[in-house]
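[1] Whatever this is, show me its structure:
(chains A and B)
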Amino acid sequence: MKLFLGLLKELRWGDFSLLSLYISVLSGVVVGYQYDPAAPLYSVSTLDMLVPYGEYFRSLHFYSSQLFFLFCICHLIAIFEKTVDYSSKRWIMLTATLPVALLILFTGYILRGDATGFSAGMIAEAILLDIPYVGKNINDLFFSISDNGMKRIYINHIIGFGILWGWLAWSHVKKYRVTFNRHVILSISIFTFSILVAAPFEPDHLGVVYIAGPWFFLGLQELLRYLPPILAGVVYPASFIVAIAFLQKKHRLFTPLLVFIIFWLFTYGILTILALNR
Amino acid sequence: MQPTETNLHSRTKRKLLLFFLSIAALYPIIRFLGYSIPRKPQLITISKTVLPGGFYLGKDFILFDDGKKAWALSRKCTHLGCTVHFHEKEKLIECPCHQSRFSIEGIVLNGPAKQPLNKFKVEKLKEHGGYIVTI
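    As a prediction, this is how the structure comes out:
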């Protein structure tokens, strides 16, 4: 355990996540030249089957984005002890980059337009519409799939959430310069992995009995089976985000918040396992 | 330079003004985003005749015909909006996201869905067979 924690702190997770972000953004621009939000399913199928190197670029975009998010989490854990002096505002802004990054990842899933992506999008829309008073407005801003198809999701994926993430993270990331030549092994690994492994794509077909959402959405999907959308889809995930936003050692509720976060992650893990075993 | 009381007062006033201006600016944005262009009803023609007890699977609906009447059910699950599937063997409709089950009349057999599936208007074409579904 000590060795693991030592290793966790030793590695430059922030560099890794920025490098993955560069690859994700660049490959996203390439994919975007052939992607059409008016015909998402057709577009992604064409990318995978017809467009030269389309499958490779989609895979590169998919896996580099996943890595970016995972490295961000490792980075947060690894540098946590060094953030004692951060002001509350700075800490809240930085931790808010995580749910925003997750939203970018999530909208990417939806934009595939396949069975998994489309269902995940419809579920997200239904959850938002369940929020009293402001639910419709938030849905109009974020998703609005039923009325507008993939149009708004596409805009948010490539511009809206990107700007929001940039605004939240800019004061932090502007200090760092990460170059490919300092992380040759990671760069080559991402490029090679994307050549070998295609990004997932699950078109709808007859007789489907179970659709599992994106990996980070599985626990939520499972909880929605038992609880109303407002509790399972809003209160439960929001409680985790709020807890992280206040998780600073100087905060008088640090220990209860930490216990809550561990308990939350434990229950989410169990729910995810349940969803995987269906 | 130390901020004087007058300075602080005017800064607070400016902040308040900015806050209210932001709220005012939000209103047209909310109205703009919330407007949905009215959608014309879509008429979908199915040229083949479904045999009694059979079904036709469309992108947005499932059409049934028992020989006397035909009806079309929306494929949007009333729980959270996933696309439902018809299982021919068990003669039931199931949602792949949370396994809500519906009868071929659209009635809920198993939750978490609580509302029946929406029905679309179906016109059975007498002359050459087939149907027109309005969605």
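[2] Could you use CA atoms for every contact and neighbour count after this?
    OK.
[3] closest point of chain B to chain A, which residue?
    residue B:96 (4.3 Å; Cα to the nearest Cα).
[4] show me the contacts for residue A:109.
    Each residue near residue A:109 by Cα atoms under 8 Å, 6 or more residues apart in numbering or on different chains is listed here: A:116-117, A:214.
[5] how about the strands in chain B?
    B:43-46, B:54-57, B:61-65, B:70-74, B:85-87, B:92-94, B:101-102, B:108-110, B:119-124, B:131-134 (DSSP state E).
[6] Dump those strands to JSON lines, plus mean neighbour count.
    Listed next are the strands of chain B as JSON lines, based on neighbours: other Cα atoms under 10 Å in any protein chain shown:
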{"stretch": "strand B:43-46", "mean neighbour count": "14"}
{"stretch": "strand B:54-57", "mean neighbour count": "16"}
{"stretch": "strand B:61-65", "mean neighbour count": "21"}
{"stretch": "strand B:70-74", "mean neighbour count": "22"}
{"stretch": "strand B:85-87", "mean neighbour count": "21"}
{"stretch": "strand B:92-94", "mean neighbour count": "23"}
{"stretch": "strand B:101-102", "mean neighbour count": "24"}
{"stretch": "strand B:108-110", "mean neighbour count": "16"}
{"stretch": "strand B:119-124", "mean neighbour count": "17"}
{"stretch": "strand B:131-134", "mean neighbour count": "18"}
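[7] Just give the closest residue to the closest residue to chain B within the stretch 101-250 of chain A, not the sequence neighbours.
    Nearest residue of the stretch 101-250 of chain A to chain B: residue A:210, at 4.3 Å (Cα to the nearest Cα). Nearest non-adjacent residue to residue A:210, counting by Cα to Cα, 6 or more residues apart in numbering or on different chains: residue B:96, 4.3 Å away.
[8] ok, now residue A:95?
    In space, residue A:95 is closest to residue A:245, 5.9 Å off (Cα to Cα, 6+ apart).
[9] Residue B:63 now?
    residue B:72 is the one closest to residue B:63 (Cα to Cα, 6+ apart), at 4.2 Å.
[10] That neighbour against residue B:122, yeah?
    Yes. Counting by Cα atoms under 8 Å, residue B:122 is a contact partner of residue B:72 at 6.5 Å.
[11] Could you tell me which residues touch both of the two?
    Counting by Cα under 8 Å, 6+ apart, the residues touching both residue B:72 and residue B:122 are residue B:133.
[12] For residue B:92, give its distance to residue B:75.
    Shown here: residue B:92 relative to residue B:75, a distance of 13 Å by Cα to Cα, to the nearest Å.
[13] whoops, residue B:60 was the one
    Taking Cα to Cα, one finds residue B:60 at 5 Å from residue B:75.
[14] okay, these two: which has more neighbours?
    Legend: neighbour count by other Cα atoms under 10 Å in any protein chain shown for residue B:60 and residue B:75, higher for residue B:75 (25 against 13).
[15] Pass me the low-pLDDT residue ranges in chain B, would you?
    B:1-3 (pLDDT under 70).
[16] what does it put close to chain A?
    Contact residues, chain B versus chain A (Cα under 8 Å from any Cα of the partner chain): B:30, B:33-34, B:36, B:80-83, B:85-87, B:94-99, B:112.
[17] and the residue of the stretch 101-250 of chain A closest to chain B, backbone torsions?
    phi -150, psi 130 (degrees, to the nearest 10).
[18] ditto for residue A:12
    According to degrees, to the nearest 10, residue A:12 has phi -90, psi 80.
[19] what about residue 113, how many neighbours?
    In the absence of a named chain, this looks at chain A. Neighbours of residue A:113 using other Cα under 10 Å come to 27.
[20] wrong one, chain B
    21.
[21] Same question for residue A:153.
    So residue A:153, with other Cα under 10 Å, has 26 neighbours.
[22] does it belong to a helix or a strand, and which?
    Counting by DSSP states H and E, the element that carries residue A:153 is helix A:151-155.
[23] right, is that helix up against chain B?
    No. If you take Cα under 8 Å from any Cα as the test, helix A:151-155 misses chain B, and the best it gets is 9.9 Å.
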